[in-house]
Structure formats: C-alpha cells, structure tokens
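A.B. asks: Fold the following and give me the result.
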Amino acid sequence: MTTIKDIAKVAGVSITTVSRALNGYSDVNEKTRQKIIEIAKQLNYSPNTLARGLVMNKSKTIGLLVSGLTRESAKDNFTFEVLAGVNQYVSEVDYDMVLFSTTSTKQREKTYTQLCRERRVDGAILQGIRSDDPYLQEVVESDIPCVLIDIPIESETVGYVTTDNVLGAKKAVEHLISLGHKNIAMINGYSYAFVSEQRLKGFKEALLEAGLPIHEEWIADGEFREDNAEREALRLLTNYPHITAFFCASDLMALGVIKAAKRLGKRIPDDVAIIGYDDIILASYATPPLSTIAQNKFAMGYEAAKLLIHMLEGKATSHVKILETELKIRESTVKNYD
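C.D. replies: As a prediction, this is how the structure comes out:
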C-alpha cells in the first residue's frame, strides 16, 4: 500500500510538503502540488475518501460562509433557516457542508481562496456579507465557485439567490396606503446592503404611484438592529407626530418601532401602523402580532445549495434564482385581523 513517504521519495520533497499539497494548503507551490498529485495518482495513493477526493480535486463538500453571526443576530433566526435549507439539499445529494463564520479581522488574515482550500471545500455560499466588503471582489476573482445570498453579482463562477425585494417593499407600502395611510415613514437597514437599496426603491415607487410625496427626512437607517430602529422611530415620531405608519426593512427593526410607539403612548395600529419584512418566528408572537412581507429563508438556503452544486457539476443553466415574497397581514396594521 502506498504511503505519503513513498510519494515524498519519488517526488524528491519532504513528507510535510506532500501532506500539505494533498490537503490543499496555499503555501505549496502550484507546480509542486500538481507534480505530487500526479505521482499520488500513479502510485494509487488512496488512504481514505477525503484523500481520494483531494487527489481528484473534488471533496464533495461545500462551505457556508457567514458574516455578522452575533449573539444579537440569533434573535432574527435568518441565518439558521438559511443553514437548514442548505443542509437539506446537501444531504439529499450526498455532499457535506462546512460552516465558517467570518469577520473583517479574519478576512485580513486569509483570502477567500485560502479559506476554501484549507477547509477543503469545492465551492461556497456567502450570506450576510455587505456589498462594500472587500471579500466580494476576491470572491468574484477567485476560480472557486460561489453563490451569494442577496447580492446580485453574476459571472462564470458566481451566482446568486434573492427575493424580489422591490416588489416585496411595494406590497408592504401598498397595503398601508390601502388602509388610508398617507404619512408613511421608513426604517431601512444600511446603505451597504443590496436589499436596503431595493426595499427603499420599492417604498418610493409605491408612494409615487399612489401620488403621495416622498419625505426624505422620514427615511432613517436602523442598521438592521432593534435598538437602533427604536431610537430612530422615537426621533421621527417626536419630530413628525403626524406620521401614522412605518414600513421597516426587517422584522427585528419593526419590533424596535413597536417599542418606540408604546413608549410614546401610541396605540398600534390605531395611532401608528407598523409592517416589517422577513416574517421571522417572533413576528407572529409580537404584541400586537406583526404584519410583514414573508421571505422563505429555508428555500433561499436550499436553492443556493442546489445552484452551487449544479454549478460544480456543470449542470447549471442559469446562475440566478429569484424567489417570491408574500404579504402576511396581522394586527400591527389591521385591528382584530385574524
């Protein structure tokens, strides 16, 4: 049976170099790596499926790279549902998944390509990454295939999955307008999120189509945080008491707006109607239950994994998947709505 020692002898390199080359470490010269892989094939080196996968340059493992996974983000459950969807598809097609969370500090230490090679993944799904993130450029330039969630970049090796955010936001605002609201404010996420740009676009389109003015000063960024949204809503409701409705770019922020309205003694939905976006689990348990635009986060993960694996296997006919949203009406906009 062939060992690493045999390969090292034939290749004229150290055992460590052979091991690092077969394990995909980036500090091995590419020419040397190819030579070692070639010798390993000739000598039928195959200690286990992992090593065999590396020799074939396929591990049948994909990575889910998550940015911004914090204790606070656990409340909105978004990442978990995406993860569950990815896991479901991956298990159906006999692949494995590796979860790695990233921060800007980690990104300075390792490139996307290094990360994927070291973790031995064939491709990756990226979630929670900002559109101004330097990692994005690396991903687009890397030869390792990837699927982005909610960032519309497409190339030979890059695809994306998202929902129709403009239409989703329009549905939310049109619902508020249909209830007679004319003074509608918006709590958006932050300017470096593609979904924020899209939801703001939908918000403005709905107002314009209804012949209502756009008050830029009634649009605030809550940075997808509950506390920030509460602070911004308090400021808006105090400075512009004639605002009667809020469209929030996430449910977590809508929960912050509910707190702000209650602190000011306003009744929901009588004095202020509030609608969110996402339909997180907490939305239907809020007091009052929160109207929202539901996204199927599980389907986003499932479709992202399906798209990536189809790309890896050369079966992808398109690199883009856009999912539908659904308006869920609850008591934060319509009283006694069941």
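
A.B. asks: low-confidence ranges in the stretch 1-150 of the chain?
C.D. replies: Judged by pLDDT under 70, the stretch 1-150 of the chain has its weakly predicted residues at 46-57, 72, 103-108.

A.B. asks: And the helices in it?
C.D. replies: For the stretch 1-150 of the chain, the helices identified by DSSP state H, counting those that start in this stretch occupy 4-11, 15-22, 30-42, 49-55, 78-92, 104-109, 112-118, 134-141, in order along the chain.

A.B. asks: Tell me which stretches of the stretch 101-250 of the chain form strands.
C.D. replies: 123-127, 146-149, 158-163, 184-188, 219-221, 245-248 (DSSP state E, counting those that start in this stretch).

A.B. asks: Quick one: distance of the fourth one to the chain centre.
C.D. replies: Here strand 184-188 is found 22 Å from its chain centre; the criterion is Cα atoms, centre = their mean, to the nearest Å.

A.B. asks: With only the CA atoms kept, save that strand in CSV.
C.D. replies: The C-alpha coordinates for strand 184-188 follow below in CSV (Å, rounded to 0.1, in the frame of the first residue of the first chain):
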residue,chain,number,x,y,z
ILE,A,184,-45.6,56.8,5.9
ALA,A,185,-42.1,56.6,7.3
MET,A,186,-39.4,54.0,6.5
ILE,A,187,-36.8,52.4,8.8
ASN,A,188,-34.2,51.0,6.4
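
A.B. asks: Begin at 58, not 1, for the rest of this chat.
C.D. replies: Okay, residue one is now 58; in that scheme the one you just asked about reads as strand 241-245.

A.B. asks: pLDDT of it, averaged?
C.D. replies: On average, the pLDDT along strand 241-245 is 98.

A.B. asks: Partner strands of that strand, with direction?
C.D. replies: Within its sheet, strand 241-245 is paired with strand 276-278 (parallel), strand 302-305 (parallel), according to DSSP bridges.

A.B. asks: Let me know which of these is tucked in deepest.
C.D. replies: Compared across the strands paired with strand 241-245, strand 302-305 shows the largest average neighbour count, a mean of 30 (mean count of other Cβ atoms under 10 Å). Using the backbone N, CA and C atoms, a C-beta is placed for each residue, glycine as well.

A.B. asks: same question for whichever helix or strand comes after that one, mean pLDDT?
C.D. replies: Next helix or strand after strand 302-305 toward the C-terminus (DSSP states H and E): helix 308-320. Averaging pLDDT along helix 308-320 yields 97.

A.B. asks: Work out the gap between stretch 216-224 and the centre of the chain.
C.D. replies: The mean C-alpha position of stretch 216-224 is separated from the chain mean by 11 Å, Cα atoms, centre = their mean.

A.B. asks: Find the nearest non-adjacent residue to the residue minimising distance to the centre of the chain, please.
C.D. replies: Centrality entry for the chain: nearest residue to the mean C-alpha point is Gln184, 3.0 Å, by Cα atoms, centre = their mean. In space, Gln184 comes closest to Ile206 once its chain neighbours are excluded; the distance is 4.5 Å by Cβ to Cβ, 6 or more residues apart in numbering.

A.B. asks: Go ahead and confirm the one you found touches Ala361.
C.D. replies: Yes: counting by Cβ atoms under 8 Å, Ala361 is a contact partner of Ile206 at 5.7 Å.

A.B. asks: Which one of the two is surrounded by more residues?
C.D. replies: Comparing Ile206 with Ala361 by other Cβ atoms under 10 Å, the one with more neighbours is Ala361, at 28 against 24.

A.B. asks: List the contacts of that one.
C.D. replies: Residues touching Ala361, when contacts are defined by Cβ atoms under 8 Å, 6 or more residues apart in numbering, comprise Val139, Gly142, Val143, Ile182, Val204, Ile206, Val218, Lys378.

A.B. asks: Going by secondary structure, it is in what exactly?
C.D. replies: Under DSSP H and E, the secondary-structure element containing Ala361 is helix 354-369.

A.B. asks: Dump the helix or strand just after that helix to PDB, restricted to CA.
C.D. replies: In the C-terminal direction, the helix or strand that comes right after helix 354-369 (DSSP H and E) is strand 377-380. What follows is strand 377-380, C-alpha atoms only, in PDB (Å, rounded to 0.1, in the frame of the first residue of the first chain):
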ATOM      1  CA  VAL A 377     -29.600  33.300 -10.800                       C
ATOM      2  CA  LYS A 378     -32.700  32.300  -8.700                       C
ATOM      3  CA  ILE A 379     -35.300  34.900  -7.600                       C
ATOM      4  CA  LEU A 380     -37.900  33.800  -5.100                       C
END
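
A.B. asks: Nearest to Asp308, out of the helices of the stretch 58-207 of the chain?
C.D. replies: Asp308 lies closest to helix 135-149 among the helices of the stretch 58-207 of the chain, at 9.4 Å (Cβ to Cβ).
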